[in-house]
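Novice: attaching a predicted model along with its sequence, questions to come.
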There are 2 protein chains.
Amino acid sequence: MLGASEHIGTNAHVGQFASSGTMSSADAPADRFERGTIRRIEAKEHVFCDGDPRTHVFRIEEGVIALSKLLGDGRRQIIEFAYPGDYIGLGTLREHIFDAQATCAAKVRCLSATALEQEASRDASLALRLYKAVSAELAAARSLLVSVGQQSAMERLAGFLVGLSARTEGDENVVKLPMRRSDIADLLGLTIETVSRTITKLRTMKVIDVVRGTEVHILDGDRLVELAGQ
Amino acid sequence: MLGASEHIGTNAHVGQFASSGTMSSADAPADRFERGTIRRIEAKEHVFCDGDPRTHVFRIEEGVIALSKLLGDGRRQIIEFAYPGDYIGLGTLREHIFDAQATCAAKVRCLSATALEQEASRDASLALRLYKAVSAELAAARSLLVSVGQQSAMERLAGFLVGLSARTEGDENVVKLPMRRSDIADLLGLTIETVSRTITKLRTMKVIDVVRGTEVHILDGDRLVELAGQ
DNA sequence: CGTTCATTTGAGTGAAGTCAAACCGAGTGG
DNA sequence: CCACTCGGTTTGACTTCACTCAAATGAACG
């Protein structure tokens, strides 16, 4: 099984941020969302781990970060995939309670959690932005919960592809999968084999076509949405 | 199946709040969390429905409210049980995207959503409280997701009972179940029958005892925690 | 060209679902 | 006070969807 194999020691990932200039922003100068250094993350590298002190909040600039919970016996549930523009590490706890691991090469912007929250306690509009950001995460988590709790493997996978397609810029009918089958399986509460078999079934149904394992061409979008249920 | 049987018309539940005096608060006078009228809710009555405009935020004063999503074919996923002290209806969307239904007789405090959010845009400390409240909900939703996505029926049910016991004031080993089996099933992503069978198994294992179907006596708390996994 | 890692496919099993019937406790009315 | 109903729960028999274990295939890379 996948897991924390690449990760050596609880804090190995902290402290060696690639020093990149702060991006010049057209926004208000005090906008913490636009400052912070950029850090490069390799595929499978951790941004932070379950149990680490929550020192930073990160904004994804490139790639995909999987937030996940690892159970004692190796089972893993992915909580969400964070895509460019998303924030990870928000919340009020002193320590992280999830792993954050890149599913492919990625870049994140690092923002000091304490600075952010100190400023939020003075600046209501920043606090409201944080509120809206977590609210969006909450909606996403609940929607995934409905899927995992009630839907069949086919419905979950079709829904996942529909969601990915909606996120995709450019041709909505060509979706790149920037993660392994095991990541999809752990997101949807299935096994790798079931994910693979379901993809195969969608292919034989001529609803999708798969190129080199990582690129999904949606041949019949309406049917896919239908298969996703509501 | 359960569902919206008690509910007649999308907005039948709005507008007939029981007029109760605003509670005198030791807090700051501007504290919106302490004002608002109290509304009585009968068992199975809706506080609000999926699709209703989000006019109010509610604080549970008594009883339990189930937040749920109903799928087209009757399947239902409960997102969370809201207990006294919890808030429901937070978020930034104009409309509710879930049903909120009492599992037993309940009372909620009604707070104007617009007033709350207008004030939050001026008062950073209020905005931060909202932020913290949703963050807590987010953590709860994610934890349930892990359970539903990865754990067996026994693990889910044991975990549910452990969680209830932790919430219980007074004797931690006597847990009242203020909801039906169908509510527990829809929360955990199981069927009524599986919930019932699992409870029976816990009884034959002498880990719990059940009195009149609604009162669980925890006989072996350590074992229960063990069965819940992590 | 061989190694490694990811994915696919196959065969068999099992945990939870479905359908159906029995049971139980709380009201209600004769 | 008992019979009857009604909603909820439990139990039983059977089915199925997804899991497990195992092997084959495919892609990437030195």
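Specialist: Arrived safely.

Novice: from here on, just use CA atoms for contacts and neighbour counts.
Specialist: Will do.

Novice: what residue in chain A comes nearest to chain B?
Specialist: Nearest residue of chain A to chain B, counting by C-alpha to the nearest C-alpha: A:A124, 3.8 Å away.

Novice: how about that residue, what does it touch?
Specialist: Contacts for A:A124 (C-alpha atoms under 8 Å, 6 or more residues apart in numbering or on different chains) come out as B:120-125, B:127-128.

Novice: and the nearest residue to A:A106 once chain neighbours are set aside, what does it touch?
Specialist: Leaving aside its chain neighbours, A:A106 sits nearest to A:G63 (4.2 Å; criterion: C-alpha to C-alpha, 6 or more residues apart in numbering or on different chains). A:G63 is in contact with A:83-84, A:102-107, A:178, counting by C-alpha under 8 Å, 6+ apart.

Novice: how about a cut-off of 10 Å?
Specialist: A:40-43, A:82-84, A:102-108, A:178-179 (C-alpha atoms under 10 Å, 6 or more residues apart in numbering or on different chains).

Novice: pick out the residue closest to the middle of chain A.
Specialist: Closest residue to the average C-alpha location of chain A: A:F81 at 1.8 Å, with C-alpha atoms, centre = their mean.

Novice: wait, is that one part of a strand?
Specialist: Yes - per DSSP: H, G, I helix; E, B strand; the rest coil, A:F81 lies within a strand segment.

Novice: where do the helices of chain A begin and end?
Specialist: For chain A, the helices defined by DSSP state H occupy A:113-122, A:124-150, A:153-167, A:181-188, A:192-204, A:221-227.

Novice: ok so, going back, tell me the confidence at the residue nearest to the centre of chain A?
Specialist: Per-residue pLDDT puts A:F81 at 98.

Novice: nearest residue to it in space, ignoring adjacent ones along the chain?
Specialist: In space, and not counting its chain neighbours, A:F81 is closest to A:A66: 4.6 Å by C-alpha to C-alpha, 6+ apart.

Novice: before we move on, back to that, which of the contacts of A:A124 has the most neighbours?
Specialist: B:A127 (28 neighbours; other C-alpha atoms under 10 Å in any protein chain shown).

Novice: wouldn't that one be in contact with B:E117 here?
Specialist: Yes - applying C-alpha atoms under 10 Å, one finds B:A127 in contact with B:E117, separated by 8.0 Å.

Novice: and for these two, which residues touch both?
Specialist: With C-alpha under 10 Å, 6+ apart, B:A127 and B:E117 have common neighbours A:L128.

Novice: which of the contacts of A:G63 are buried?
Specialist: Among the contacts of A:G63, those classed as buried by neighbour count (16 or more other C-alpha atoms under 10 Å in any protein chain shown) are A:40-41, A:43, A:82-83, A:102-108, A:178-179.

Novice: and these as TSV, adding distance to A:L188?
Specialist: TSV is the format used below for the buried ones among the contacts of A:G63 (distance: C-alpha to C-alpha, whole Å):
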residue	distance to A:L188
A:R40	27
A:I41	24
A:A43	21
A:A82	15
A:Y83	17
A:A102	18
A:T103	15
A:C104	19
A:A105	22
A:A106	22
A:K107	25
A:V108	25
A:P178	16
A:M179	13
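
Novice: run through the bridge partners of the nearest residue to A:L67 once chain neighbours are set aside.
Specialist: Leaving aside its sequence neighbours, A:L67 sits nearest to A:A100 (C-alpha to C-alpha, 6+ apart; 4.5 Å). Counting by DSSP bridges, A:A100 forms beta bridges with A:F48, A:L67.

Novice: now do the contacts for A:K107.
Specialist: A:18, A:38-42, A:47, A:58-65, A:84.

Novice: please flag which of these sit within strands.
Specialist: Secondary structure assignment by DSSP state E places A:38-41, A:47, A:58-62, A:65 of the contacts of A:K107 in strands.

Novice: most neighbours among those residues, which one?
Specialist: A:I65 (32 neighbours).

Novice: contacting residues around it?
Specialist: A:41, A:43-47, A:80-84, A:86, A:88, A:99-108, A:178-179.

Novice: quick one: residues contacting A:A185.
Specialist: Contacts for A:A185 (C-alpha under 10 Å, 6+ apart) come out as A:76-78, A:153, A:157, A:191-196.

Novice: same check, this time on A:I218
Specialist: Contacts of A:I218 were listed using C-alpha under 10 Å, 6+ apart, and they are A:161-162, A:165, A:172-175, A:202-203, A:206-210, A:224.
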